[in-house]
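Student: need a 3D model of the following:
(one chain, ligands or ions: 1)
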Amino acid sequence: MTTTTATQQQPGQAARQSVLRASGVTKRFGGLTAVRNVDLTVDSGEIVGLIGPNGAGKTTFFNCLTGLYVPTEGEVAYKGKVLPHRSHLVTQAGIARTFQNIRLFANMTVLENVLVGRHTRTKEGLFSALLRGPGFKKAERSSEERAMELLEFTGLAEKRDHLARNLPYGEQRKLEIARALASEPGLLLLDEPTAGMTAGETSATRELVLAVREKGTAVLVIEHDMRFIFNLCDRVAVLVQGEKLVEGSPELVQADERVVAAYLGTPFEGEPGEAEAAEVREAETRGGDETHKGGQA
Ligand SMILES: Nc1ncnc2c1ncn2[C@@H]1O[C@H](COP(=O)(O)OP(=O)(O)OP(=O)(O)O)[C@@H](O)[C@H]1O
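Tutor: Okay, here's the model as predicted:
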């Protein structure tokens, strides 16, 4: 299948194309259904957020999108083509990702990490890249310029020769993004990119993600930091117990009581009864009177 879907066109904007279309994705682990019948789309130029309480199925869903897991049911298409269940083929097709836990090559330099990220766009394979054979060295020369552009883009150019393990945490996260971008993706998936970051680092990550979008890469991001998500995303989907509960603009999602309940838990079994409400009102009146009396004494 090679169709692409054009969606709403804003005046003065290029027509949006469907980048990602996940349809009816279900993933079961034995008796546990971690993701149930989830549909999700991302269009070109969009930043979409995926949120949900711990254990909601967000990472499992990401793993189904990137070929790490084979969905029990459903399919995932990138730019209209159904993706195979092999992560390197998914990367080759145009989807790159970062992980919840940093997965850099700690003893390689910053530049080398980005060059390894380019292996899907060169004839050389990952092992050749890691072993730094002659083929890799040739590909490396032609890739180095692009890798340096990405280091400039992420603000890491001056650290090109530093070992990845010696970078501060926030810069390691940036390097992961630079490495993911090295495969020239049309869609970047970020799994908790601000976990463990300071407020300053989180704000720099927001700027970086907006710049990624400006460069023409759509973004799907999982994050627990609500402020980050609501300030960044065009659209937010909420997963709860493996199912998509709500999807819409940040304003719509924030205002949805079901989302609040999913995060905070429901305070009462059903609505509070009139007896409980009367008790609260009486206690408030009593408290008010006593404060008033106290003030006169
Ligand atoms: N490989 C696996 N085998 C069995 N169960 C799994 C596996 N991976 C995830 N699960 C279960 O699937 C459910 C969803 O987990 P998942 O990690 O996808 O949630 P999450 O929303 O990403 O959570 P968090 O926000 O805590 O990272 C959980 O109940 C988890 O224990």
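
Student: just the helices from the stretch 51-200 of the chain, written as ranges.
Tutor: With DSSP state H, counting those that start in this stretch as the criterion, the stretch 51-200 of the chain has helices at 58-65, 87-93, 110-117, 126-131, 134-154, 169-181, 199-214.

Student: make TSV out of the ones you listed and add mean neighbour count, mean pLDDT and distance to the ligand.
Tutor: C-beta coordinates here come from the backbone N, C-alpha and C atoms, glycine included. Converted to TSV, those look like this (neighbours: other Cβ atoms under 10 Å; pLDDT from 0 to 100; distance: least, Cβ to the nearest ligand atom, whole Å):
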stretch	mean neighbour count	mean pLDDT	distance to the ligand
helix 58-65	23	95	3
helix 87-93	17	90	15
helix 110-117	24	89	24
helix 126-131	15	61	24
helix 134-154	16	80	25
helix 169-181	22	93	16
helix 199-214	16	94	17
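
Student: now the ones you listed in JSON lines, with distance to residue 161?
Tutor: Below are those laid out as JSON lines (distance: least, Cβ to Cβ, whole Å):
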{"stretch": "helix 58-65", "distance to residue 161": "32"}
{"stretch": "helix 87-93", "distance to residue 161": "26"}
{"stretch": "helix 110-117", "distance to residue 161": "7"}
{"stretch": "helix 126-131", "distance to residue 161": "18"}
{"stretch": "helix 134-154", "distance to residue 161": "11"}
{"stretch": "helix 169-181", "distance to residue 161": "13"}
{"stretch": "helix 199-214", "distance to residue 161": "22"}
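
Student: so which of those comes closest to residue 44?
Tutor: helix 199-214 (9.5 Å; Cβ to Cβ).

Student: the closest one vs helix 169-181, what angle?
Tutor: Interaxial angle of helix 199-214 relative to helix 169-181 (axes from the mean of the first three to the mean of the last three Cα atoms, to 10 degrees): 10 degrees.

Student: mean confidence for the helix or strand following helix 199-214?
Tutor: Tracing the chain past helix 199-214, the next element assigned as helix or strand by DSSP states H and E is strand 218-222. Across strand 218-222, the average pLDDT comes to 97.

Student: partner strands of strand 218-222, with direction?
Tutor: strand 47-51 (parallel), strand 187-191 (parallel) (DSSP bridges).

Student: of those, which is nearest residue 111?
Tutor: Going by Cβ to Cβ, the one of the strands paired with strand 218-222 nearest residue 111 is strand 187-191, 20.1 Å.

Student: extract the C-alpha set from the closest one and format it as CSV.
Tutor: Taking C-alpha atoms only, strand 187-191 is exported to CSV below (Å, rounded to 0.1, in the frame of the first residue of the first chain):
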residue,chain,number,x,y,z
LEU,A,187,9.4,10.8,12.6
LEU,A,188,11.3,11.0,15.9
LEU,A,189,10.0,9.1,18.9
LEU,A,190,11.2,10.3,22.2
ASP,A,191,10.7,8.2,25.3
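
Student: check whether it comes near the ligand.
Tutor: No. Using Cβ under 6 Å from any ligand atom, strand 187-191 stays clear of the ligand, coming no nearer than 8.0 Å.

Student: for that strand, what is the average pLDDT?
Tutor: Averaging pLDDT along strand 187-191 gives 96.

Student: near the ligand, which residues of this protein show up?
Tutor: 29, 32, 34, 52, 54-60.

Student: just the buried ones from these, in ChimeraX syntax?
Tutor: To isolate the buried ones among those in ChimeraX, judged by 16 or more other Cβ atoms under 10 Å, type:
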select :34,52,56,57,58,59,60
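
Student: any idea what residue 41 is bridged to?
Tutor: Taking DSSP bridges, one obtains residue 21 as the residues bridged to residue 41.

Student: for it, give its distance to the ligand.
Tutor: The gap separating residue 41 from the ligand is 20 Å, by Cβ to the nearest ligand atom, to the nearest Å.
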